[in-house]
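Asks: Show me the folded form of this:
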Amino acid sequence: MTPSSNYTVKFSDADKRVGRTQIIAGYSIIAVFFSCVFAWSALAPISSAAVAKGVVGKDGHRKTVQHLEGGIINEILVRDGDRVTRGQPLITLRDVQNKSDHELLNKQRLIALAKQSSLVAELEQREPDLNFLPAGKTFEVIDASVRTTIEGYLSAAKSRLQLHRDQLDLIDRRQKQAEEKIAALRSERTALEKQRRVLAQEHKKYKEFEAKGLVTRAHVFSLQRDKTEIESDHSANRVAVENTRQEINNLAMEKSELEGARAKRISNELDKTRSTLVDLDERLSKTRDRLERTSIQAPIDGVVVNLLVNTIGGVIQPGEALLDIVPDSGDLVIDARVKVADRDTIRVGQPAEVRFTAFNQRLTAPVTGTVKLISADALSNSG
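Replies: I've put the predicted structure just below:
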């Protein structure tokens, strides 16, 4: 056996100081490490995720095609899965009633235009014409009943215009006759004034002769009587001139009243006719819209889905959904519902990781998206 021995190690003061320094440094490093860990755990944000299931669709969603008034189906031009373009006819409705209404209103409007044109021509005292006809349309191609009505308006306008002209001509002739009468009366007055001067001179002279006894009193009385008659004729002439002037004034007033009454009548009829035209234009616009809507057209480019009508002659109710169109354009969006408790963890513009559960998760990588919209309130499940 080897005898055991005891060893005693003796450290110098310098060695003791180095050992204490290393121990203090080690404990300091450990203290700083745990302090940093504690501070990081208190201040650093802890990432969290909100998980939600969703449904993939197009931005803007599918468009449901409806019809405002409804009607009877005439043609169905598409099937489920057909790709359509904006404005392409999808379904047509029977338009017999709409066409009939539209044609009737067009006839009424043409008649109203003819009446308006004839009234304007009458107001301007000219012959009515066919300038009211639409561009490219001749009088001969108009419906016979409408043409007869228009001819009646034009003929009546011509007759009224001729009657008015005849009335004006009659007044003008009477005025001319009155003016000629005044001219004749003035000539007569000139002659009477001349005779009156001559008789006055003779009467004065013969009175002197009577005073001298050269002529008899009877001769003087005869001259006095002639003078009185001339004076009477002169007065009557003056009255006749005044009366004739008054007649001319009355004829001018009659002419003015005739023109005024005629203008008022025509203006009233024009106002009524123009009001009728406004009403007809509004009704025509509505029937035109209804006719256009008998062809139900695609509002967007896309693919037809969920075609709900398939019977020719079937009835469509007003506002009834007919089919849907999934738009071609637009980004893919996912409608997802998150838990209310997770609301604080999401925000608009935040990146989102999308996994498609319908595909093999080992072969399909996640897709990155962006949160576009967060509803303002919680949504409840319905149905």
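
Asks: contacts and neighbour counts: CA atoms only from here.
Replies: Will do.

Asks: just the helices in the stretch 1-150 of the chain please.
Replies: Applying DSSP state H, counting those that start in this stretch to the stretch 1-150 of the chain gives helices spanning 13-43, 96-123, 144-212.

Asks: Residue 182 is in contact with residue 241, correct?
Replies: Yes. Using C-alpha atoms under 8 Å, residue 241 is in contact with residue 182, at 5.6 Å.

Asks: between the helices of the stretch 1-150 of the chain, which gets nearest to residue 78?
Replies: helix 96-123 (22.6 Å; C-alpha to C-alpha).

Asks: tell me the average confidence for the closest one?
Replies: On average, the pLDDT along helix 96-123 is 90.

Asks: Then stretch 283-299?
Replies: The average pLDDT within stretch 283-299 is 92.

Asks: in it, what counts as buried?
Replies: 283-284, 287-288, 290-291, 293-299 (16 or more other C-alpha atoms under 10 Å).

Asks: What are the neighbouring residues in contact with residue 87?
Replies: 297, 298, 299, 300 (C-alpha atoms under 8 Å, 6 or more residues apart in numbering).

Asks: Give me the domain ranges for this protein.
Replies: What automatic domain parsing lists as the domains of the chain is 54-86+296-370, 98-293.

Asks: and of these, who's closest to residue 92?
Replies: Nearest of the domains of the chain (C-alpha to C-alpha): domain 54-86+296-370, 5.1 Å.

Asks: I'd guess residue 318 is in a helix, am I close?
Replies: No. Read with DSSP: H, G, I helix; E, B strand; the rest coil, residue 318 is coil and lies in no helix.

Asks: next one: phi and psi at it?
Replies: phi -60, psi 130 (degrees, to the nearest 10).

Asks: so what's it up against?
Replies: Contacts of residue 318 by C-alpha under 8 Å, 6+ apart are 67, 68, 69, 70, 71.

Asks: In a markdown table, list those residues along with pLDDT.
Replies: Below are the contacts of residue 318 laid out as a markdown table (pLDDT from 0 to 100):
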| residue | pLDDT |
| --- | --- |
| 67 | 91 |
| 68 | 89 |
| 69 | 88 |
| 70 | 90 |
| 71 | 91 |
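
Asks: which pair in the residues you listed spans the largest distance?
Replies: 68 and 71 (9.3 Å).

Asks: Between those two, tell me which one has more neighbours.
Replies: Between residue 68 and residue 71, counted using other C-alpha atoms under 10 Å, residue 71 has the larger neighbour count: 18 against 12.

Asks: tally of neighbours for the closest residue to the more buried one other than its chain neighbours?
Replies: Spatial nearest neighbour of residue 71, chain neighbours left out: residue 316 (5.2 Å); criterion: C-alpha to C-alpha, 6 or more residues apart in numbering. When neighbours are counted by other C-alpha under 10 Å, residue 316 registers 19.

Asks: how about the contacts of residue 87 in CSV, adding distance to residue 371 and secondary structure?
Replies: CSV is the format used below for the contacts of residue 87 (distance: C-alpha to C-alpha, whole Å; DSSP: H, G, I helix; E, B strand; the rest coil):
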residue, distance to residue 371, secondary structure
297, 34, strand
298, 31, coil
299, 28, coil
300, 26, coil
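
Asks: Make a markdown table from those residues and add distance to residue 252 to it.
Replies: Converted to a markdown table, those look like this (distance: C-alpha to C-alpha, whole Å):
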| residue | distance to residue 252 |
| --- | --- |
| 297 | 67 |
| 298 | 70 |
| 299 | 69 |
| 300 | 72 |
